[in-house]
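Visitor: Sequence first, predicted model second:
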Amino acid sequence: MAWIKTVAPGSAEGALARSYKGATGRAGSVAGIVQAMSLSPSILDASMGLYIKVMYAPVGLARRQREMLAVIVSRANHCHY
């Protein structure tokens, strides 16, 4: 398994601390996938922005359908996220 250097939520400062606060507000904690991008807060914010736009888009599939598809794809890729 790969090892990626990350910044723990308790050690985050500045822009990263704000990003982590947003993640905690959305999900109740800072997931590992979010921490994996912690060394580049601008990339983390861009990634989360895309995720939010895709998952909460007002047209097309319902949110629950999008979540179901995400679960199926994650399962097919053996990814627990």
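Guide: Yep, that arrived. Residues are numbered from 1 along each chain as shown.
Visitor: Which strand or helix spans the spatially most central residue of the chain?
Guide: The residue lying closest to the centre of the chain (C-alpha atoms, centre = their mean) is residue 34, at 4.6 Å. Assigned by DSSP states H and E, residue 34 belongs to helix 32-35.
Visitor: For that helix, buried residues please.
Guide: 34, 35 (16 or more other C-beta atoms under 10 Å). (Each C-beta comes from the backbone N, C-alpha and C, glycine too.)
Visitor: Flag every buried residue along the very next helix or strand once past that helix.
Guide: Of the helices and strands lying after helix 32-35 in sequence (DSSP H and E), the nearest is helix 41-55. Using 16+ other C-beta under 10 Å as the test for burial, helix 41-55 gives 41, 44, 45, 47, 48.
Visitor: give me the low-pLDDT residue ranges for this protein?
Guide: 1-2, 81 (pLDDT under 70).
Visitor: For the helix holding residue 34, what is the distance to the chain centroid?
Guide: 6 Å (C-alpha atoms, centre = their mean, to the nearest Å).
Visitor: Kindly report the same for stretch 38-50.
Guide: So, by C-alpha atoms, centre = their mean, the centroid of stretch 38-50 is 9 Å from its chain's centroid.
Visitor: ok so, going back, identify all contacting residues around the helix holding residue 34.
Guide: 6, 7, 8, 9, 19, 20, 23, 44, 48, 81 (C-beta atoms under 8 Å, 6 or more residues apart in numbering).
Visitor: Please narrow those to those residing in helices.
Guide: Counted as lying in helices by DSSP state H, out of the contacts of helix 32-35, are 19, 20, 23, 44, 48.
Visitor: who's in contact with the second one?
Guide: Yep, that's residue 20 we're talking about. 9, 12, 30, 34, 38.
Visitor: Could you find the closest non-adjacent residue to residue 55?
Guide: In space, and not counting its chain neighbours, residue 55 is closest to residue 66: 5.4 Å by C-beta to C-beta, 6 or more residues apart in numbering.
Visitor: ok, the one you found to residue 27 distance?
Guide: 16 Å (C-beta to C-beta, to the nearest Å).
Visitor: who's more crowded, these two?
Guide: residue 66 (15 against 10; other C-beta atoms under 10 Å).
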